[in-house]
Structure formats: C-alpha cells, structure tokens
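Participant: Take this sequence and fold it.
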Amino acid sequence: MSYQSNNNAVLYDGCRPLQNLAVLLEVTEDISTLEGNGFSLQVNCFPPPGHYVQNQQLNWLQYVVYVLSNQLWWEVQYWSVGAPGAWPSGYTALPDTTPWLPCWANDYHLFSFGAAPGNTLPRDSKLQISHQTDDAGNVALVKFDYTDPDDNVSSAQFPVPENALCPVSAFTVNLVGPGGGSNSTFTTGLTESRGIFYYSLDPGTLSVQTGGLGSACGEQNIPTGETSNAVYTAVDGAPASTVIQTLGPAIQCAVQNLFAAESVTVQQLRNVRDHQLTAPAGAFLSEVLDRHSADLAGLLADDPALAAESRQLLHEAARAARDGAPFDDALLDRAGRLVDRAGTLVPCSMSGIAGAVQTILASLRGRTLAAGIEEASKTIMPRYPSPPPDQSQTSDGDGDSDV
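Facilitator: The predicted structure is shown next:
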C-alpha cells in the first residue's frame, strides 16, 4: 500500500502513550520543490480524549519543521479544533491565547535553528523531530535536530508548558506545503526528492492503525490543510520498536531490473538473498542493493555493457550458489574488474562500498558462498543495522529568532 500528500499511514502502540517518539528523515536524494517556495515536515499527533486546557479539549498536536526562506524553522502548536471563535464573555484567558490554540502565548511564531540554502534538504542530510516523555507518558520536551552532509548539527528544543502536558496515542507524518494551506510540488525521479523515514519508540512497538484516524483510539479525524505531490510507500517492519517508510515511489531492485524478462533467474537470486546472505557480510550486500537501488538502476541503464557483464556474472554466481560449489578465480577476477569500474561511476554516498565488496570477493576465493560470506563477516558488517543515532543528544541549543 502507498500513501501520498497529507494522507499517510497512522501509527500507534495499541492506544498506549507513545514513549519517546522519534521521527527521523534520512535524505537519500535532494528534497526540493519545483516552485522553490519551500515545504514543511509535519509530525501530526493525536492525544487520547479527555485532555483540556482552559476548558478546551486538545485534539491535534503539531510538531513542524519548515524549510522556508533558506532557513530551517520549528513550530509547536497544540490545537483544540472545533473550539468557538472567541472566549466566553467575562472569561480571563491566558494572555495572547485563543480557544483554538489555548495552551501558550503567540504560538504562531516560527523559530530559526539552521540554514537550508535553496530551500533544499541536500542528499546525505538528516532531519529529526523527537519527543522526550515523562514518567506518565506525557510529552515533556520536543527536540528538533538537523545534520548536514558534513555532519554539522543544528538543534533546538521546546519544553512543553506544565498546563499542556499530555500523551500522544497516534501520529502521522506529512511532507507538504509550508503552511497556510499551501501546496508544494516536489521534484520527482530516481534521483529527486527521495528519503527514508525511521519511526521509533523507546520503549514500545509501532503498528499501522487500520481504518484511519479515530478508528482505534478515539482520536479525531483531523488532516493537515497543506498538500503536496509527495508519495510514501507502505510502512516496513511493523510491528516493531523501529519501523521504516520510504519517501518517493518504490523502485524495483536494480538486480530485478536486470532480469525483468527472466522470472526464474529473479527467483533464484531472491532465494540466494533470503537464504544464503544471512551473515553480516551478506546483510551488507542486501543493504547496498536496497539503499542504493536508484543509483544502481540509473548506472546500469546508462551503461549497457556494464549491465550485460553484471547480468552474466550474476547468472554464474547464482549457479555456483545453487550447486554449493566453490567460486573459481576467473569468475572472481571478472567481478573484481567490474566492481573497480563501477566504483569510479557511483556517487559519493556510495564511497567505500567498492572496497568492502572487493573484500567479500577475496573471501570467496576457493570457498562456497556460505563459507566465503562467513569469512568476510569477520570484517564486513552492515552499515546501518539500526537507525542512525539520535543527534539531538549532541547539542541543546534553542531556537532564538522568530518571524
């Protein structure tokens, strides 16, 4: 199943308070818009019924990063959607609050916490919105963290006021226009506006809530007003403490593209992947194919000779794996030359992969696939066995300017 625009999967933990929720977007291809007008990443959350501030029931909690005016901005808003347009006559409200935003003053302000030249999130950057919850499961602190491609970290945080402490029972993520009901048109293609979302709890287990908002936990069906052409794949790995979703249309594995007309070969290679690439070095190879499918698909499409040689080598490797035969030197020498050639053509994000693959090829000499992968696993491990670490632990700077 796929989702789009302001209609994405709703995730929950069986209606229990979501503990220390973190939403991490790892950018795999520059995220930008055709209009150049920016966009927003929204973590839209839903508290369980029964939480009131100034006699208004909270029903929609927004945690937003705007990519706007070449800057990153954060905003937190706790809504009472459907509240009356004015306070009752004679009621003394908290200064600068409204019935529909009753929790704290002036929460229409945006706060800058980093640079975003060209209103773009560049490839290899990371953007995270996370919660710290208290012993009662209430969201007590909200953190915003951006890591640029050079590993420079910009952070901000928002302590939730005491009067607004409440838990979150479900959430959805939307990559949409930059506020005010606006639309954004993201660039599209194999190497345009793509990324990976990591959703995690600590502790807890995330699942997709079937039936949409309100079907399980009593939350109200309140979508964000902003829209876009963003597409999200189905959520992968649920139920689990960390689940994954891809931003951008799903791309067939580059290997599957190579053998599009050979379903038997595709199945053979899939069996090799699922049953013989289970050690750490094998998991590394599977990960490379998954994470860099756009890069590899484009590379093979642009170089028919490279694609033809890759196809032939995979045929021979699949035959050796099926027969449990040792890999011969001639096959491995050809594979080494192909890896060297491809290594000069791949983007910087694949730096170091060619060397690791050469180590695996050396480990296969005179060994079966299983024995060679086991040998290579002494030194080759998956690069991303879990979501990248929470960069928010490295800085506690506050946003300090508003517009």
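
Participant: Tell me where the stretch 1-150 of the chain has strands.
Facilitator: 3-4, 11-12, 22-29, 39-46, 52-53, 56-57, 60-68, 71-79, 111-115, 126-133, 139-147 (DSSP state E, counting those that start in this stretch).

Participant: strand partners of the fifth one, parallel vs antiparallel please.
Facilitator: In its sheet, strand 52-53 lies beside strand 56-57 (antiparallel), with partners assigned from DSSP bridges.

Participant: Distance from the partner strand to the middle of the chain?
Facilitator: 32 Å (CA atoms, centre = their mean, to the nearest Å).

Participant: Give me the contact list for it.
Facilitator: Contact partners of strand 56-57, identified using CB atoms under 8 Å, 6 or more residues apart in numbering, comprise 49-51, 80, 83, 99-100, 102. Any C-beta I mention is one placed from the backbone N, CA and C, and that applies to glycine too.

Participant: same question, stretch 332-352
Facilitator: Residues contacting stretch 332-352 (CB under 8 Å, 6+ apart): 28, 123-124, 288, 292, 295, 299, 303, 306, 309-310, 313, 317, 353-355, 357-358, 361-362, 364-365.

Participant: List the buried residues in it.
Facilitator: 332, 335, 338-339, 342-343, 346, 350 (16 or more other CB atoms under 10 Å).

Participant: mean confidence for stretch 121-137?
Facilitator: Throughout stretch 121-137, pLDDT has a mean value of 96.

Participant: what's the straight distance from one end of it to the other?
Facilitator: 32 Å (CA to CA, to the nearest Å).

Participant: circling back: which of the strands of the stretch 1-150 of the chain sits closest to Thr246?
Facilitator: Relative to Thr246, the nearest member of these by CB to CB is strand 22-29, separated by 8.7 Å.

Participant: Weed out the non-buried ones from the contacts of stretch 332-352.
Facilitator: 28, 123-124, 288, 292, 295, 299, 306, 309-310, 313, 317, 353-354, 357-358, 361, 364.

Participant: Let me know how buried Val160 is, in neighbour terms.
Facilitator: Neighbourhood size, Val160 [other CB atoms under 10 Å]: 21.

Participant: and it, what does it touch?
Facilitator: Per CB under 8 Å, 6+ apart, neighbours of Val160: 76, 138-142.

Participant: what about 6 Å?
Facilitator: 139-140 (CB atoms under 6 Å, 6 or more residues apart in numbering).

Participant: Need the per-residue pLDDT for it.
Facilitator: Residue-level pLDDT assigned to Val160 equals 97.

Participant: how about it, phi and psi?
Facilitator: phi -70, psi 130 (degrees, to the nearest 10).

Participant: now it: how far from His109?
Facilitator: Per CB to CB, to the nearest Å, Val160 is found 16 Å from His109.

Participant: isn't Ser154 right next to Asp145, touching?
Facilitator: No. In this structure, Ser154 is not within contact of Asp145 by CB atoms under 6 Å, at 7.4 Å.

Participant: thinking again about what came up before, among the buried residues of stretch 332-352, which lie within helices?
Facilitator: Judged by DSSP state H, helices contain the following of the buried residues of stretch 332-352: 332, 335, 338-339, 342-343.

Participant: Go through these and say which is closest to Tyr232.
Facilitator: Ala342 (30.1 Å).

Participant: picking up where we left off before, a markdown table please, covering the contacts of strand 56-57 and showing neighbour count and distance to Leu24.
Facilitator: Converted to a markdown table, the contacts of strand 56-57 look like this (neighbours: other CB atoms under 10 Å; distance: CB to CB, whole Å):
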| residue | neighbour count | distance to Leu24 |
| --- | --- | --- |
| Pro49 | 14 | 29 |
| Gly50 | 9 | 30 |
| His51 | 18 | 27 |
| Ser80 | 22 | 29 |
| Ala83 | 19 | 33 |
| Pro99 | 18 | 34 |
| Trp100 | 15 | 30 |
| Pro102 | 24 | 30 |
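
Participant: Can you pull out the low-pLDDT segments for the stretch 201-350 of the chain?
Facilitator: 213-214, 250-257, 260-261, 263-264, 291, 294, 348-349 (pLDDT under 70).

Participant: All the strands of it, residue numbers only.
Facilitator: Under DSSP E, counting those that start in this stretch, the stretch 201-350 of the chain gives strands at 207-208, 227-228, 231-232, 242-247.

Participant: Compare Ser154 and Asp145 (neighbour count), which wins?
Facilitator: Asp145 (25 against 20).

Participant: If you tally nearby residues, what's the number for the closest residue to Gly366 other than its chain neighbours?
Facilitator: Residue nearest to Gly366 in three dimensions, not counting chain neighbours: Pro326, with 5.4 Å by CB to CB, 6 or more residues apart in numbering. A count of nearby residues for Pro326, using other CB under 10 Å, gives 15.

Participant: quick one: contacts for Pro326?
Facilitator: Here Pro326 is in contact with 366-368 (CB under 6 Å, 6+ apart).

Participant: most surrounded residue in those residues?
Facilitator: Top of the contacts of Pro326 by neighbour count (other CB under 10 Å): Thr368, with 17 neighbours.

Participant: circling back to that earlier point, wait, which of the buried residues of stretch 332-352 is closest to Asn70?
Facilitator: Met350 (28.7 Å).

Participant: What's the separation between the closest one and Ala342?
Facilitator: Met350 is 9 Å from Ala342, by CB to CB.

Participant: Compute the number of surrounding residues for the residue lying closest to Leu110 once chain neighbours are set aside.
Facilitator: Among residues not flanking Leu110 along the chain, Trp73 sits closest, at 3.9 Å (CB to CB, 6+ apart). Neighbourhood size, Trp73 [other CB under 10 Å]: 27.

Participant: now Phe39
Facilitator: Neighbour tally, Phe39, other CB under 10 Å: 30.

Participant: That one and Cys15, how far apart?
Facilitator: 31 Å.
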